[in-house]
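A.B. asks: sequence and computational prediction follow.
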Amino acid sequence: MTTFLLIRHGAHRLGGDVIAGRTPGVYLSDLGWDQVRAMAERVARLSVSALYSSPAERTLETARHLSERLDLPVRVLESLNEIDFGDWTGKKLEELRRSDVFARWNAFRSGTRIPEGEAMIETQTRIVSEMLRLREDHPNDCIALVSHGDVIKAALAYFVAVPLDLFSRIEIGLASVSVVALLDHGPWVLCVNNTGSELPMPY
């Protein structure tokens, strides 16, 4: 059994009303650092064997702080990167809400591509494929993956069999931890969006 800790980065300096996407140089805010320190306190109580991160700065900062607590190196995986938001990168949500494509993307995630960007089903395929590959490398380990809200939602939606069009019903807060175990007979989702209590672990 491989247990995955799916960890979202802390709040960043652009704030929640701008799509940061893959914009370079987006670092954690003071609030984000507070969130990351609290998350690391909880995760450091667990026996974690490996730590992987998206290449985005806000996730690397989150992962590097965690690496100090776990005494593990950070391994960067492109497959954990943020959705490629294409033409929407850097835009304010207020502006995008006037767009028909943005409304369609939110209502029909499984069938709408971001202009010059990624389709949600591609995001889900890359994160799930990576987790299945990592399971082969870590067949009996607990490993931590530091990534982004919608990427984590896409993975959880797959493992709980929720259609992508309904995945916005899943909340993934900043610096939250979700726990998924992959067993021979299937996935076991133990925790979604933990932001402040003991983390439930299998067995």
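C.D. replies: Done, it's in.
A.B. asks: make it CA atoms for all contacts and neighbour counts henceforth
C.D. replies: OK.
A.B. asks: show me where this structure has strands.
C.D. replies: 2-8, 50-53, 74-76, 142-147, 177-183, 186-194 (DSSP state E).
A.B. asks: can you get me a residue count around Ile143?
C.D. replies: Counted with other Cα atoms under 10 Å, the neighbours of Ile143 add up to 19.
A.B. asks: name all residues that make contact with it.
C.D. replies: For Ile143, the contacting residues are Thr2, Thr3, Phe4, Leu5, Val48, Ser49, Ala50, Leu51, Tyr52, by Cα atoms under 8 Å, 6 or more residues apart in numbering.
A.B. asks: and His148, by the same measure?
C.D. replies: Counting by Cα under 8 Å, 6+ apart, His148 makes contact with Ile7, Arg8, His9, Thr59, Leu80, Asn81, Glu82.
A.B. asks: list just the nearest of these to Val128.
C.D. replies: Leu80 (9.9 Å; Cα to Cα).
A.B. asks: give me the pLDDT value at the closest one.
C.D. replies: pLDDT recorded at Leu80 is 98.
A.B. asks: Val36 is in contact with Thr62, isn't it?
C.D. replies: Yes. Contact criterion Cα atoms under 8 Å: Val36 and Thr62 qualify, at 6.1 Å.
A.B. asks: what residues does the helix ranked longest in the chain touch?
C.D. replies: Longest helix in the chain, counting residues (DSSP state H): helix 120-137. With contact meaning Cα under 8 Å, 6+ apart, helix 120-137 is reached by 2, 79-80, 83, 109-113, 151, 154-155, 158, 164, 182.
A.B. asks: can I have the buried ones of the residues you listed as a ChimeraX selection?
C.D. replies: Selecting just the buried residues from the contacts of helix 120-137 in ChimeraX takes one command, with 16 or more other Cα atoms under 10 Å as the test:
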select :2,79,80,83,109,110,112,113,151,154,155,158,164,182
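A.B. asks: returning to what we had before: tabulate the contacts of His148 (TSV), appending distance to Leu70.
C.D. replies: Below are the contacts of His148 laid out as TSV (distance: Cα to Cα, whole Å):
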residue	distance to Leu70
Ile7	14
Arg8	17
His9	17
Thr59	16
Leu80	20
Asn81	22
Glu82	24
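A.B. asks: just these: which are in helices?
C.D. replies: In helices, judged by DSSP H, the following of the contacts of His148 are found: Thr59.
A.B. asks: please pick the buried ones from the contacts of His148.
C.D. replies: Applying 16+ other Cα under 10 Å to those flags Ile7, Arg8, His9, Thr59, Leu80, Asn81, Glu82 as buried.
A.B. asks: which single one of those is nearest to Arg42?
C.D. replies: For those, the nearest to Arg42 is Ile7 (11.6 Å; Cα to Cα).
A.B. asks: returning to that earlier point: could you check the angle the longest helix of the chain makes with strand 2-8?
C.D. replies: If you take axes from the mean of the first three to the mean of the last three Cα atoms, to 10 degrees, helix 120-137 sits at 140 degrees to strand 2-8.
A.B. asks: name the residues of helix 120-137 that are buried.
C.D. replies: When burial is assessed from 16+ other Cα under 10 Å, helix 120-137 yields the following buried residues: Met120, Thr123, Gln124, Arg126, Ile127, Val128, Met131, Arg135.
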